[in-house]
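Peer 1: Based on what follows, work out the 3D shape:
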Amino acid sequence: MDHHPEEPVAPDVEAFIRELPKVELHVHLEGSMRPELLLRLARRHRVAGIPTTPGELREWYAFTDFPHFIDVYLTSVQALLDAEDFAELTADVAAGLAAQNVRYAEVHVSLFGHLMRGVDARTVFDGIERGRRAAEAEHGIRLRWIPDFPGDYGVDSAERTLDATLRHGPDSVVGFGIGGIEVPRAPFAGVFGRARAAGLRSLPHAGENGGPDRVREALDLLGAERIGHGIDAARDPELLARLRDEQVPVDVSPTSNLRTRAVAGLKDHPLPAMLEAGLLTTLNSDDPPMFGTDLLGEYRTAHRMGLGPAELAGLARNGVHACYLDPAAKQSLLAEIDAVASHHGA
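Peer 2: Sure, this is the predicted structure:
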């Protein structure tokens, strides 16, 4: 689904990227729906407003700006109605991640996008858990969940999402998130305080296109333990220094930023500068089919931005450090990354 065909990377770099064990920390379940599955589900449920051919879908995914992307996203989730749909989507997404040597993923689930359509939280959680267990058995990949809500829908959407998560969420829920159009974060301080008190990690989107202040608010008001996107922090030296000193992980998704026009071009992307500044930066795919990418594609993109194999291995390690796997699993994954890097002379 790539609207900008890319030059292939050198074969040795390609082999290295494929062999690297990876984690994915910023990927949306619904935004990972492959066109074939979306078309099938839309037909199954006779959903209006979704294109009916792969070609039309490609045009539909050519986003003019961030609000346009959000519109398309909210329309596409209407194809998900019963637990079977969610199980099928989860199994499909997990298989796609496992094929890229992703060993572990913390996956955002647009829970409020389903609640607002009258889909019960139990239906969502039952379906994604069924898909998760099947994928773990078949591929060995481990998945964990981050239910989220769109900030532009207000505090009520946040409270309803958290209530549904605390009532029906399985043990595989690790965190709580906010996405959507980037509105001020102060109104959500209370609900994030409640989520953290219940043992959920605070994993908000911030600084994707809302400026450095959104990142500050996420840290100060939401108790953010990891920042989703965070690229606007690069415009504020003081904030960069704080993220470096506190080693708050920042989950960066370069192709997403290009597709939603958050950055003008690859040469304008702050990823290399963020790494240079010492930030604990991770590499992620966000909404892969919508943006014509996947996690392998993001590693290739990072390489095109000037990062060599040693830095790519560093990004893979950062993902492990920033995730919520148990310490023993982290150590074992880091040892595997080191072995692959050493084998490739990185």
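
Peer 1: Quick one: the strands in the stretch 201-346 of the chain, in order.
Peer 2: Per DSSP state E, counting those that start in this stretch, the stretch 201-346 of the chain carries strands over the ranges 201-202, 205-206, 227-229, 250-252, 281-283.

Peer 1: Put together TSV for the ones you listed, with mean neighbour count on each row.
Peer 2: Heads up, the C-betas are built off the backbone N, CA and C, glycines and all. TSV is the format used below for these (neighbours: other CB atoms under 10 Å):
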stretch	mean neighbour count
strand 201-202	20
strand 205-206	28
strand 227-229	28
strand 250-252	27
strand 281-283	26
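
Peer 1: and of those strands, who's closest to T75?
Peer 2: strand 205-206 (19.9 Å; CB to CB).

Peer 1: which other helices and strands contact the closest one?
Peer 2: strand 175-179, helix 212-222, strand 227-229 (3 or more CB pairs under 8 Å, 6 or more residues apart in numbering; DSSP states H and E).

Peer 1: if we can go back for a sec, select, out of the strands of the stretch 201-346 of the chain, the one closest to L275.
Peer 2: Among the strands of the stretch 201-346 of the chain, if distance is taken as CB to CB, the winner is strand 281-283, at 5.5 Å.

Peer 1: That closest one pairs with which strands, parallel or anti?
Peer 2: Applying DSSP bridges to the sheet, strand 281-283 is found paired with strand 250-252 (parallel).

Peer 1: could you redo the helices and strands packed on strand 205-206 as TSV and give each row distance to S332 and mean pLDDT?
Peer 2: What follows is these, written out as TSV (distance: least, CB to CB, whole Å; pLDDT from 0 to 100):
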stretch	distance to S332	mean pLDDT
strand 175-179	23	98
helix 212-222	31	98
strand 227-229	26	98
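
Peer 1: now those in JSON lines, with distance to L307?
Peer 2: Shown next, in JSON lines, are the helices and strands packed on strand 205-206 (distance: least, CB to CB, whole Å):
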{"stretch": "strand 175-179", "distance to L307": "27"}
{"stretch": "helix 212-222", "distance to L307": "23"}
{"stretch": "strand 227-229", "distance to L307": "18"}
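
Peer 1: Count the residues that sit near E246.
Peer 2: When counting by other CB atoms under 10 Å, one arrives at 9 neighbours for E246.

Peer 1: Show me the one of the helices and strands packed on strand 205-206 that comes nearest E238.
Peer 2: Of the helices and strands packed on strand 205-206, the one closest to E238 (CB to CB) turns out to be helix 212-222, at 8.8 Å.

Peer 1: Which elements pack onto the closest one?
Peer 2: helix 189-197, strand 205-206, strand 227-229, helix 237-246.

Peer 1: thinking again about what came up before, format the strands of the stretch 201-346 of the chain as TSV; extra columns: distance to E217.
Peer 2: Putting the strands of the stretch 201-346 of the chain into TSV (distance: least, CB to CB, whole Å) gives the following:
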stretch	distance to E217
strand 201-202	12
strand 205-206	7
strand 227-229	11
strand 250-252	15
strand 281-283	20
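
Peer 1: For K267, which of those is the nearest?
Peer 2: strand 250-252 (15.5 Å).

Peer 1: Could you tell me the average pLDDT over the closest one, please?
Peer 2: Averaged across strand 250-252, the pLDDT comes to 98.

Peer 1: do the same with stretch 335-345
Peer 2: On average, stretch 335-345 scores 97.

Peer 1: what do you get for stretch 56-68?
Peer 2: Here the average pLDDT along stretch 56-68 is 87.

Peer 1: what about Y73, which SS state?
Peer 2: Look at Y73: counting by DSSP: H, G, I helix; E, B strand; the rest coil, its state is helix.

Peer 1: hmm, I was thinking of E24
Peer 2: Of the three states, E24 takes strand under three-state DSSP.

Peer 1: Write down the beta-bridge partners of it, one by one.
Peer 2: Here E24, judged by DSSP bridges, has bridge partners A105.

Peer 1: tell me how far the biggest helix by length in the chain is from the chain's mean position?
Peer 2: Longest helix in the chain, counting residues (DSSP state H): helix 121-139. Relative to its chain's centre, helix 121-139 lies at 18 Å (CA atoms, centre = their mean, to the nearest Å).
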